[in-house]
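**Q** sequence below, structure please.
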Amino acid sequence: MILKAYRAWGPAAVHQLEGMFAFALWDADHRRLWLCRDRMGIKPLYYYRSPKGGLFFSSEVRSLLALGEPWIERQIDRSALSSYFAQGSVWGSQTLVAGIRSLEPGTYSFVRQDGTMESPTPYWKLPTADHREIPSDRNTCVQNIRELLQNSLEQHLVSDVPVGLFLSGGIDSSALAILASKVQRGLDAITLGFEQTDLDESRLAKELGKKLGMHHHFIRRTEKDLLDDFPTFLEKLDQPSIDGFNTFLVSKAAREAGLKVVLSGLGADELFGGYPTFWQVPLALRLRKISNLFGPARVALAFLARQVPSMHADKMASVFVRRSHIVDLQLLRREIFVREQHLSFPQQAPTLCYTSGVDDSLVESLRGSVQGFAPETQISLIELQTYLRYVLLRDCDNFSMANSLELRVPFLSRSLLEYMIGVPGKWKRPADYPKPLLVDAVGDLPKAIYLRKKQGFHLPWAAWLRGPLRNLLLSYLEDQELWRGLGINTELPRKVWQQFESDSTSRGHASRVLALSCLASFVKTHRLSAT
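**A** Numbering: from 1, shown residues only. Predicted coordinates:
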């Protein structure tokens, strides 16, 4: 299909493609290679220009590292390292390995026969405030969302093997299950259950699956099962990330159940306002603007806040000194290590945003993309272009493919994305229940699902780090040779562990321990060194 489209339209063929894709096509007539990636970056495409000559490309960083010497230099990209410390994953076109870069979503590029690569050409972007379609009224909006979701599911259920879906018992997966069952009865559903009752959401999933006549695979995991899987998770990391273990677990469960293709509810939180960031960040922005009235006293407020030894206090302190722009405060909300802790890190590259550690061009692009929108849509745009793109989608592709599973994301269809950007922000605000547009569009979502408190998929990291994972992760944190080799103050891992042990109330300190451990594991596994 792609070959025929390229023969007919040349590079403009990309506008005829829908869904997820990343491919390389050799144009024999023009002696050039066409590299192309889907609009949202659901599928990855990495490339590397070797100092020994030639350009290599792959869907994985690990396969490029497998080129070995002398083709590839196993060195850390310092600016990518700063991005990782800031957000728990590398954002932008960089990777943790110097020289290996990612083709950005919604772009394509040509590589000439001599290995010269042209600058990527954007072929799609999310709508701007001046180029959006605003629905006439809310009822019409709800009806349009229902139709767009139904159309997306009809397309995503096309397959030459049975298609299943993740069914957790939350709003997003339940909405997909209900709408998908209207297209195709008897779908497979996979639900991962846990011994720990505070993690388990299986009851509601079971009830809904039975009501819809789904072929339900319920897989229960003990704590020992989860911990036995953790070393394999570290081994399969294609880039270090603190947010991928849950995806690894559910993908493994789906494959064990015999599924080859699954639907995921990824993207619904970003489009329909499901994250706490949708109210927390606008609130922080108002607080930041009010603090401007106090002038120099803002610095004193920040200093006082930092005297409290908690991650929340660190971030509250940073609110008073960060730029009063919604993008900057959104980046702060998701940061793992705030700017004031970067003094323990390698010297920051001049191309990075001074406060966030993320590539400055990315930050500027985000600021431009949100102009003219309501706060709710601004948060949606930032989440879609950062956390979703550089964490969730990357992890989902990494760990679904590691388990020989194809993962599809119906909420990220182009038509639904473009439509939701035009929806007035006030319609996304929770009233009597969360994600009102999605709940109303589905229509027959059980109240027990959408009226309960959002639970999410939070694993008991703090308990694990103090218990069965303690020795493994401490071995990473205490490896002073490794941290010195990365140009990192060896006091940092020790302080992070001390803060974690002294503050049992903050899940954030566990995130910092996990971030350092995943990084150390990746560096040791692939024998990377600092540039």
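
**Q** now do the same contact list for residue 13.
**A** By Cβ atoms under 8 Å, 6 or more residues apart in numbering, the contact set of residue 13 is 2, 5, 6. No exception for glycine: its C-beta is placed from N, CA and C like everyone else's.

**Q** can you classify the closest residue to residue 27 other than its chain neighbours as helix, strand or coil?
**A** Nearest residue to residue 27 in three dimensions, chain neighbours excluded: residue 34, at 6.0 Å (Cβ to Cβ, 6 or more residues apart in numbering). Secondary structure, DSSP: H, G, I helix; E, B strand; the rest coil: residue 34 is strand.

**Q** how many other residues sit next to residue 34?
**A** By other Cβ atoms under 10 Å, 20 other residues sit near residue 34.

**Q** cool, and residue 424?
**A** Residues lying near residue 424 (other Cβ under 10 Å) number 15.

**Q** measure it to residue 292 for me?
**A** 28 Å (Cβ to Cβ, to the nearest Å).

**Q** re the thing from before, close enough to count as contact, the residue nearest to residue 27 and residue 6?
**A** Yes. Taking contacts as Cβ atoms under 8 Å, residue 34 lies within contact range of residue 6: 7.2 Å.

**Q** okay, and residue 371 sits in which element?
**A** With elements taken from DSSP states H and E, nothing contains residue 371; it lies in neither a helix nor a strand.

**Q** how about the nearest residue to it, chain neighbours excluded?
**A** residue 129 (6.2 Å).

**Q** could you check the pLDDT of that neighbour?
**A** Reading off the confidence values, residue 129 has pLDDT 92.

**Q** isn't it up against residue 374?
**A** No. Counting by Cβ under 8 Å, residue 129 does not reach residue 374; the two are 9.5 Å apart.

**Q** would you map the strands across the stretch 51-200 of the chain?
**A** 55-58, 75-76, 100-102, 107-112, 121-122, 163-166, 188-194 (DSSP state E, counting those that start in this stretch).

**Q** hey, least reliable of those by pLDDT?
**A** Taking the mean pLDDT of the strands of the stretch 51-200 of the chain, strand 188-194 comes last: a mean of 87.

**Q** show me what the next helix or strand after it is packed up against.
**A** Using DSSP H and E, the helix or strand that follows strand 188-194 in sequence is helix 202-211. Packing contacts for helix 202-211, counted by 3 or more Cβ pairs under 8 Å, 6 or more residues apart in numbering; DSSP states H and E, involve helix 171-183, strand 188-194, strand 215-221, helix 447-450.

**Q** give the buried residues for the last one.
**A** Read it as helix 447-450. 449, 450 (16 or more other Cβ atoms under 10 Å).

**Q** what's that helix packed up against?
**A** Counting by 3+ Cβ pairs under 8 Å, 6+ apart, helix 447-450 packs on helix 171-183, helix 202-211.

**Q** most packed of the ones you listed?
**A** Most buried of the helices and strands packed on helix 447-450, by mean neighbour count (mean count of other Cβ atoms under 10 Å): helix 171-183, with a mean of 22.

**Q** need the residues that contact it.
**A** 146, 149-150, 153-154, 157, 165-167, 187, 189, 204-205, 208-209, 212-214, 263-265, 268-269, 274, 410-411, 434-435, 438-439, 441-442, 444-446, 449-450.

**Q** may I have stretch 327-334 as CSV, with CA atoms only?
**A** Coordinates of each C-alpha in stretch 327-334 appear next as CSV, following Å, rounded to 0.1, in the frame of the first residue of the first chain:
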residue,chain,number,x,y,z
VAL,A,327,4.3,25.5,30.1
ASP,A,328,7.0,26.2,32.7
LEU,A,329,4.8,25.3,35.6
GLN,A,330,3.5,22.2,33.8
LEU,A,331,7.1,21.0,33.3
LEU,A,332,7.7,21.6,37.0
ARG,A,333,4.6,19.6,38.0
ARG,A,334,6.1,16.5,36.3
